[in-house]
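Participant: 3D, please:
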Amino acid sequence: MQPVYIIGHRQPDTDSIASAVAYASLLCQIHAGQYIPARCGDLNAETQYALEVAGLDAPVLIENVEPSVGDIPFLYTQTAPMNIPAIDVALLMDEYDIRNIPIVDNENRFLGLVSEHGLARAYVSPHASLPLKVGPISLKALARILQAEIINAAHEEIHGNASIVIDALHISLARLGPQDVAIIGDNEPSQIALVAEGICALIIAEGAHLGERVRESAKKMGVTLLTTPLDAFSVGRLLHLSGPVETIMATDAETLHRDDLVTTAAQIVSNSPYRTACVTDEDGHFIGMLSRNSFLEDVHKSVILVDHNEYAQAVEGIETAEILEIIDHHRLGTIATLQPIRFRNEPVGSTSTIITMRYREEQVIPDKAIATILLAGILSDTLVLKMSTTTDRDREAVAYLAEIAGIKPEEFGSELINKGMNLDGVPIEELIVRDIKDFTLHDRSVSIAQIMTGSRDFAESNAREIQEALTGYQTSHGYDISIVLVTDVIGQRSFLFASGDHGLISKLGYLHQPVILEGVMSRKKDFFPMFGQRFRQVIQI
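Facilitator: Numbers count the residues shown, from 1 in each chain. Model prediction:
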């Protein structure tokens with residue numbers, strides 16, 4: 001069956017990744033089919049941490065869902081080994097009714113292509129004077145091709161020029177050497193003379209009589225002896241194509257890979273002189289062959305979208321995909337489909353909550369890994385159930401998943417947010433300038449920075465370093481006052497550090513630091529209006 005990719009939005013967050021991973025797992029349990037969690041962007045630090053805790057692999061990266069070569073059913077998978085005689089390739093082409101056959105080595109690596117055109121050119125040469133050749137070919141293979149009986153096997157392999165003896169005997173003898181093959185009919189004196197010459201092999205055509213003298217002479221001289229019911233011309237025709245397939249194999253045949261777009265593949269096949277292209281993997285192993293017939297039917301990728309329902313947020317090429325289902329918790333967007341689909345949109349804090357509801361509706365208990373990643377998705381999108389969009393269903397889902405996962409939600413949520421804010425190992429000097437804004441208030445220069453954290457521990461455990469780094473920054477840049485807000489997202493408060501004119505800081509009430517500001521989360525909405533008013537009052541005193 002064609003795989004179904006479950007994929008979130010661009011720049012994926014923990015909720016979209018968790019939803020894709022968990023929903024794919026659920027569908028694989030309740031439906032027949034291949035459901036694959038996917039992503040269309042890089043993972044952030046928070047999501048990587050969540051997957052690590054859950055012990056899950058990252059979803060497969062798919063940057064474009066336009067149909068690719070891998071979505072096309074391969075109608076042609078026949079191959080021929082590199083050591084096969086060319087005539088056998090012609091027989092295979094006739095058996096399978098195909099015009100081209102890929103040639104592979106012993107490890108199924110693609111080497112080249114034999115086409116009807118190549119066979120025709122090998123058989124019909126514009127140079128009439130070219131000698132007839134045979135092999136190299138094993139004696140057993142040659143006998144099979146000629147429907148011949150081996151009378152004397154003096155050689156295991158035949159390789160040389162061949163001659164149909166119809167000229168005066170002395171002329172034929174003059175052009176035959178010890179590696180060559182002669183084809184002759186019912187002419188015992190000539191047969192004996194050819195054997196006596198010490199040629200490599202003698203082929204008796206048309207089932208002609210083969211006397212005992214010729215047999216004995218062949219054994220004595222070490223000449224391979226075959227007899228066939230075919231006429232001399234037919235023997236010559238078959239000998240002409242008895243050489244190894246590599247002598248007529250085209251090595252300029254186009255190759256494609258599974259992830260090449262169908263539009264590109266169709267153009268390559270159309271422009272190919274062989275009207276075909278061979279598909280290989282990264283190591284060159286043959287997978288299948290495409291022809292113009294391969295593009296007659298419409299092909300597409302099947303997808304389920306989670307955590308979004310807008311074209312602007314969707315993976316590239318979504319217009320060409322077959323959307324089977326959408327699960328989301330945002331406003332309705334712009335995606336339209338050609339036929340009715342399952343669409344679920346719930347006013348909850350995260351899509352992971354909806355996926356958890358689906359598990360419970362299907363009476364499937366998620367394992368610990370899935371419960372952990374779903375819990376991460378909800379805690380991330382609701383800021384550990386602190387966001388205004390959080391609902392009772394989010395809280396119920398968190399309680400349900402936390403029990404399965406054996407995790408304390410608040411501690412796990414705090415760790416997630418800290419990972420997402422990427423504070424680990426970053427120097428304090430860098431953190432205080434990562435998100436900083438300059439202001440001029442009443443002719444005074446002011447800088448206000450903000451560091452988002454997942455707990456109060458960061459501000460308290462790094463208080464001295466923050467104060468020293470802030471003082472250094474304020475002094476070196478000449479601000480009248482510099483402020484850093486270390487915002488505890490979980491506790492919904494900020495810790496204020498300030499450096500500058502001692503009298504100004506004293507009047508502002510910032511002498512004992514950090515100053516705890518309850519409910520202050522936004523620098524723009526919660527802190528600056530209050531600070532600006534207080535600052536004006538202090539300056540006017």
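
Participant: List the contacts of Val486.
Facilitator: Taking Cβ atoms under 8 Å, 6 or more residues apart in numbering, we find Val486 in contact with 450-451, 453, 458-459, 466, 494-497, 514. Yep, even glycine has a C-beta here, placed from its N, CA and C like the rest.

Participant: what ranges of the stretch 401-541 of the chain fall below the confidence cut-off?
Facilitator: Residues of the stretch 401-541 of the chain meeting the criterion pLDDT under 70: 541.

Participant: can you rerun that using 90?
Facilitator: Where the stretch 401-541 of the chain drops to pLDDT under 90, the residues are 414-415, 417-426, 434-443, 452-458, 460, 488-492, 501, 519, 521-526, 538-541.

Participant: What are the boundaries of the helices in it?
Facilitator: Using DSSP state H, counting those that start in this stretch, the helices of the stretch 401-541 of the chain run over residues 409-420, 428-434, 457-461, 463-477, 502-508, 528-540.

Participant: As CSV, these with mean neighbour count and distance to Ser68 would be great.
Facilitator: Listed next are those as CSV, based on neighbours: other Cβ atoms under 10 Å; distance: least, Cβ to Cβ, whole Å:
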stretch, mean neighbour count, distance to Ser68
helix 409-420, 21, 33
helix 428-434, 17, 40
helix 457-461, 16, 46
helix 463-477, 16, 51
helix 502-508, 14, 62
helix 528-540, 14, 51
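
Participant: Let's have these in a markdown table, adding distance to Pro3.
Facilitator: Below are the helices of the stretch 401-541 of the chain laid out as a markdown table (distance: least, Cβ to Cβ, whole Å):
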| stretch | distance to Pro3 |
| --- | --- |
| helix 409-420 | 30 |
| helix 428-434 | 41 |
| helix 457-461 | 43 |
| helix 463-477 | 50 |
| helix 502-508 | 61 |
| helix 528-540 | 51 |
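
Participant: Tell me which of those helices lies nearest to Asn106.
Facilitator: Minimum separation from Asn106 across those (Cβ to Cβ) falls at helix 409-420, 49.7 Å.

Participant: So which other helices or strands are in contact with that closest one?
Facilitator: Using 3 or more Cβ pairs under 8 Å, 6 or more residues apart in numbering; DSSP states H and E as the contact test, the elements touching helix 409-420 are helix 45-54, helix 368-381, helix 392-405, strand 444-453.

Participant: 6 Å instead?
Facilitator: With contacts taken as 3 or more Cβ pairs under 6 Å, 6 or more residues apart in numbering; DSSP states H and E, helix 409-420 sits against helix 45-54, helix 368-381.

Participant: could you say what helices and strands the longest one packs with?
Facilitator: Using 3+ Cβ pairs under 6 Å, 6+ apart as the contact criterion, the elements in contact with helix 368-381 are helix 14-30, helix 45-54, helix 351-361, helix 392-405, helix 409-420.

Participant: residues making contact with the last one?
Facilitator: So that's helix 409-420. By Cβ atoms under 6 Å, 6 or more residues apart in numbering, the residues outside helix 409-420 that reach it are 45-46, 49, 376, 379-380, 384, 398, 402, 454-455, 489-490.

Participant: Scan those and report the most crowded one.
Facilitator: Counting neighbours by other Cβ atoms under 10 Å, Leu379 comes out on top of the contacts of helix 409-420 with 33 neighbours.

Participant: circling back: looking at the helices and strands packed on helix 368-381, which is nearest to Ile98?
Facilitator: Nearest to Ile98, of all those, is helix 14-30, at 36.8 Å by Cβ to Cβ.

Participant: and the angle for that closest one with helix 409-420?
Facilitator: In terms of direction (axes from the mean of the first three to the mean of the last three Cα atoms, to 10 degrees), helix 14-30 departs from helix 409-420 by 120 degrees.

Participant: which intervals of the stretch 1-150 of the chain have sub-threshold pLDDT?
Facilitator: Along the stretch 1-150 of the chain, segments meeting pLDDT under 90 span 1-2, 10-11, 32-33, 44-45, 70-76, 82-99, 115-137, 141.

Participant: now the helices for it?
Facilitator: Per DSSP H, counting those that start in this stretch, the stretch 1-150 of the chain carries helices over the ranges 14-30, 45-54, 86-96, 116-123, 139-145.

Participant: so can I have TSV of the contacts of Val486 showing distance to His170?
Facilitator: TSV is the format used below for the contacts of Val486 (distance: Cβ to Cβ, whole Å):
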residue	distance to His170
Gln450	106
Ile451	104
Thr453	104
Phe458	105
Ala459	110
Ile466	108
Ser494	111
Phe495	112
Leu496	115
Phe497	112
Pro514	114
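
Participant: Tell me the one of these nearest Ile428?
Facilitator: Looking across these and measuring by Cβ to Cβ, the closest to Ile428 is Ile466, at 5.8 Å.

Participant: Compare the helices and strands packed on helix 409-420 and report which one is nearest to Ile287.
Facilitator: Each of the helices and strands packed on helix 409-420 has some distance to Ile287 by Cβ to Cβ; the shortest is helix 45-54, at 30.7 Å.

Participant: Leaving out chain neighbours, which residue sits closest to Ile354?
Facilitator: Glu346 (5.1 Å; Cβ to Cβ, 6 or more residues apart in numbering).

Participant: hang on, the one you found packs against Thr353?
Facilitator: No - using Cβ atoms under 6 Å as the test, Glu346 is too far from Thr353 to be in contact (7.4 Å).

Participant: between the two, who's got more neighbours?
Facilitator: Each of Glu346 and Thr353 has its neighbours counted (other Cβ under 10 Å); Thr353 has more, 28 against 15.

Participant: For the more buried one, give its distance to Leu176.
Facilitator: Distance, Thr353 to Leu176, by Cβ to Cβ, to the nearest Å: 88 Å.

Participant: Nothing else from me, thank you.
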